[in-house]
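Undergrad: following is a predicted model, sequence given first.
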Amino acid sequence: MALQAASLVPSSVSFHKEGKCIGFKETSFFGVSFSDHLKAEFHAPSLRIKESRNGMIKAQAVTESPSINQATPEGKKTLRKGNVVITGASSGLGLATAKALSMMGNWNVTMACRDFLKAEKAAKRVGMAKGTYSVMHLDLASLESVRQFVDNFRRSGKPLDVLVCNAAVYLPTDKDPTFTADGFELSVGTNHLGHFLLSRLLLDDLKQSDYPLKRLIIVGSITGNSNTVAGNVPPKANLGDLRGLAGGLNGVNTSSMIDGGEFDGAKAYKDSKVCNMLSMLEFHKRFHEETGITFSSLYPGCIAETGLFRNHVALFRTLFPPFQKYITKGYVSEEEAGKRLAQVVSDPSLTKSGVYWSWNNNSKSFENELSKEASDEEKAKKLWEVSEKLVGLA
Ligand code: LMG
Ligand code: NDP
Ligand code: PMR
């Protein structure tokens, strides 16, 4: 497999930037350098306030008040803390993002996790201060649990300003499919369908938020994009005509794979990432104009040491980090990736909706291009409609 995959890569390809085969434009907004911005954002919060140029969250970092737009003695308006929900915040990228946001001081982080105790311990371990976060139970592999989470969150009385769909499972070595409580193949069921129901239900809450920065972020990946080297490593993502998904992914009456093929855990994961990116685009198309919510996806870099690879063979787990560090140069630490996602959550210059963000080797964000399939409008619409039926919304 390794050699077969490697042989796909012409020797002339250089793995600079983030491993894309084709060119891209770097983008900056309002003349603000993102690396400067990052420095300001994460090392000097007070500076960040001065350097923010679009004025939207100018005084965001300074208040602890739960109320909105309170007048200060100078008559200026300050913002309450933002409320962000992050799924799968008990490890890896989700935890690093929760930490980065909790350290900023102007966010209440809700860690939506399947293992309550693990999340609580992880938050303590990385030094998240009491009062900056809470943990709520969410098992994305059960639609009932998703609905329960939404009820519980609403009962907590907190507004919802940003939702981050981050959790995922990757089952590359499984020979046979496993299933969610509702009988969907586990990777697509968790990574796509669980998040699809969650974000559809919470869209109403986002709409009701009076926070000026309202965002729905769905984490994507380079491996679902076949316009990159990484996206061409077999097995390649391919949703086909969605016949397996339409059949319920239950492996009984129909296939457990979206395209109707034989089960392949690595492909199922990559397919689920395509679904994540297509969902973001469809949300943008349907709701951005009407609601003002910013819909984004991203590839945070290759975070080669997270729990995502817990089910891969030991040799892979040993070789993958040095391979990414020294050969592809696509490696990023959990901390750096967490800062990147935190930027998509909170940076006032990343308000453009419908964007798939990536970062170059200098950690500058840019609007990346999705592959043909991951930006196929027809497929996005069909995926939306089929998914609605499966999660009981239509
Ligand atoms: C497959 O597993 C599954 O079978 C399949 O079902 C599916 O799940 C798929 O896409 C998922 O994975 C394959 C998997 C498991 O591994 C690989 O395909 C290889 C992964 C990439 C790892 C890269 C290894 C490259 C070698 C890196 C060398 C270390 C870098 C040190 C750098 C130091 C620089 C100073 O299989 C394995 O995990 C087995 C892995 C065996 C890899 C053996 C590769 C030998 C190739 C030799 C290349 C020589 C490179 C020399 C580098 C020199 C550097 C100067
Ligand atoms: P981790 O395995 O470290 O984190 C995944 C998180 O998802 C864990 O907190 C896990 O919970 C949670 N999770 C899994 N299943 C469920 C479920 N049923 N309900 C609720 N939570 C669940 O992996 P990463 O941090 O690497 O992955 C985070 C995101 O980043 C994923 O969307 C992944 O696709 C994406 N990504 C990762 C890349 C990488 O190189 N690592 C590259 C590109 C994208 P628990 O702790 O209980 O297991
Ligand atoms: Mg990949 C050229 C750049 C590059 C990048 C940025 C990644 C990211 N990978 C690259 C190249 C290659 N990978 C090459 C040339 C090979 C063949 C040796 C290769 C192999 C490989 C495997 C076996 N890569 C992998 C795997 C996995 O099991 C990971 C995966 O597909 O998870 C779904 C993976 C990844 N490579 C990446 C990234 C980010 C991943 C993991 C996670 C993800 O995309 O979400």
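TA: That came through fine. Fair warning: this is a prediction, and the values are worked out from it, not measured in the lab. Numbers count the residues shown, from 1 in each chain. Ligands and ions are numbered 1, 2, ... in the order given.
Undergrad: tell me who's in contact with L202.
TA: Shown in contact with L202 (Cβ atoms under 8 Å, 6 or more residues apart in numbering): 85, 150, 153, 160, 163, 216. The way it works is simple: take the backbone N, C-alpha and C, and place the C-beta from them, glycine included.
Undergrad: by neighbour count, which of those residues wins?
TA: Within the contacts of L202, most neighbours by other Cβ atoms under 10 Å means L163, with 28 neighbours.
Undergrad: OK, contacts around the residue of the stretch 51-200 of the chain found nearest ligand 1?
TA: As assessed by Cβ to the nearest ligand atom, ligand 1 sits closest to P172 within the stretch 51-200 of the chain, at 3.1 Å. Going by Cβ under 8 Å, 6+ apart, P172 touches 265-266, 269, 311-312.
Undergrad: pLDDT score for it?
TA: Listed pLDDT for P172 reads 97.
Undergrad: which stretches of the stretch 201-350 of the chain form helices?
TA: Along the stretch 201-350 of the chain, the stretches classed as helices by DSSP state H, counting those that start in this stretch are 243-246, 265-291, 314-322, 334-346.
Undergrad: one step back: what distance do you get for the residue of the stretch 51-200 of the chain closest to ligand 1 to V233?
TA: According to Cβ to Cβ, to the nearest Å, P172 and V233 sit 11 Å apart.
Undergrad: kindly report the same for N250.
TA: Noted for N250: a distance of 28 Å to V233, by Cβ to Cβ.
Undergrad: check contacts around D115.
TA: S90.
Undergrad: what residues does the stretch 51-200 of the chain have near ligand 3?
TA: Proximity of the stretch 51-200 of the chain to ligand 3, by Cβ under 6 Å from any ligand atom, involves residues 170, 172.
Undergrad: ranges for the helices of the stretch 51-200 of the chain?
TA: Using DSSP H, counting those that start in this stretch, helices in the stretch 51-200 of the chain cover 92-104, 116-125, 143-155, 186-188, 195-208.
Undergrad: how about those in JSON lines, adding mean pLDDT?
TA: As requested, the helices of the stretch 51-200 of the chain are arranged in JSON lines below (pLDDT from 0 to 100):
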{"stretch": "helix 92-104", "mean pLDDT": "98"}
{"stretch": "helix 116-125", "mean pLDDT": "98"}
{"stretch": "helix 143-155", "mean pLDDT": "98"}
{"stretch": "helix 186-188", "mean pLDDT": "98"}
{"stretch": "helix 195-208", "mean pLDDT": "98"}
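Undergrad: tell me which of those helices lies nearest to ligand 2.
TA: Among those, helix 92-104 sits nearest to ligand 2 (Cβ to the nearest ligand atom), with 2.2 Å.
Undergrad: near ligand 2 at all, the closest one?
TA: Yes. Judged by Cβ under 6 Å from any ligand atom, helix 92-104 and ligand 2 are in contact via 92-94.
Undergrad: how about that helix as PDB, C-alpha atoms only?
TA: What follows is helix 92-104, C-alpha atoms only, in PDB (Å, rounded to 0.1, in the frame of the first residue of the first chain):
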ATOM      1  CA  GLY A  92      -6.400  16.300  19.600                       C
ATOM      2  CA  LEU A  93      -7.500  19.300  17.600                       C
ATOM      3  CA  GLY A  94     -10.700  19.900  19.600                       C
ATOM      4  CA  LEU A  95      -8.900  20.000  22.900                       C
ATOM      5  CA  ALA A  96      -6.100  22.300  21.500                       C
ATOM      6  CA  THR A  97      -8.800  24.600  20.100                       C
ATOM      7  CA  ALA A  98     -10.800  24.600  23.400                       C
ATOM      8  CA  LYS A  99      -7.600  25.500  25.200                       C
ATOM      9  CA  ALA A 100      -6.600  28.300  22.800                       C
ATOM     10  CA  LEU A 101     -10.100  29.900  23.100                       C
ATOM     11  CA  SER A 102     -10.200  29.400  26.900                       C
ATOM     12  CA  MET A 103      -6.800  31.200  27.200                       C
ATOM     13  CA  MET A 104      -8.100  34.200  25.200                       C
END
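Undergrad: next up, the contacts around the residue nearest to L171 when sequence neighbours are not counted.
TA: Leaving aside its chain neighbours, L171 sits nearest to G265 (3.9 Å; criterion: Cβ to Cβ, 6 or more residues apart in numbering). By Cβ under 8 Å, 6+ apart, the contact list for G265 reads 170-174, 177, 187.
Undergrad: low-confidence ranges in the chain?
TA: 1-78 (pLDDT under 70).
Undergrad: how does it look with 90?
TA: Along the chain, segments meeting pLDDT under 90 span 1-79, 251-254, 361-362.
Undergrad: please enumerate the strands of it.
TA: Applying DSSP state E to the chain gives strands spanning 70-71, 77-78, 82-87, 107-113, 133-137, 162-165, 215-219, 294-298, 355-359, 365-368.
Undergrad: buried residues in the longest one, which are they?
TA: It refers to strand 107-113. Neighbour-count burial for strand 107-113 flags 107-113 (criterion: 16 or more other Cβ atoms under 10 Å).
Undergrad: quick one: contacts for the closest residue to K118 other than its chain neighbours?
TA: Of all residues not flanking K118 in the chain, S90 sits nearest, at 4.8 Å (Cβ to Cβ, 6+ apart). Neighbouring residues of S90 by Cβ under 8 Å, 6+ apart: 111, 113-115, 118-119, 122.
Undergrad: what about ligand 2: which of these touch it?
TA: 113-115, 118.
Undergrad: and the furthest pair within the residues you listed?
TA: Using Cβ to Cβ, the two most remote members of the ones next to ligand 2 among the contacts of S90 are R114 and K118, lying 8.5 Å apart.
Undergrad: these two: which has the busier surroundings?
TA: Legend: neighbour count by other Cβ under 10 Å for R114 and K118, higher for R114 (18 against 14).
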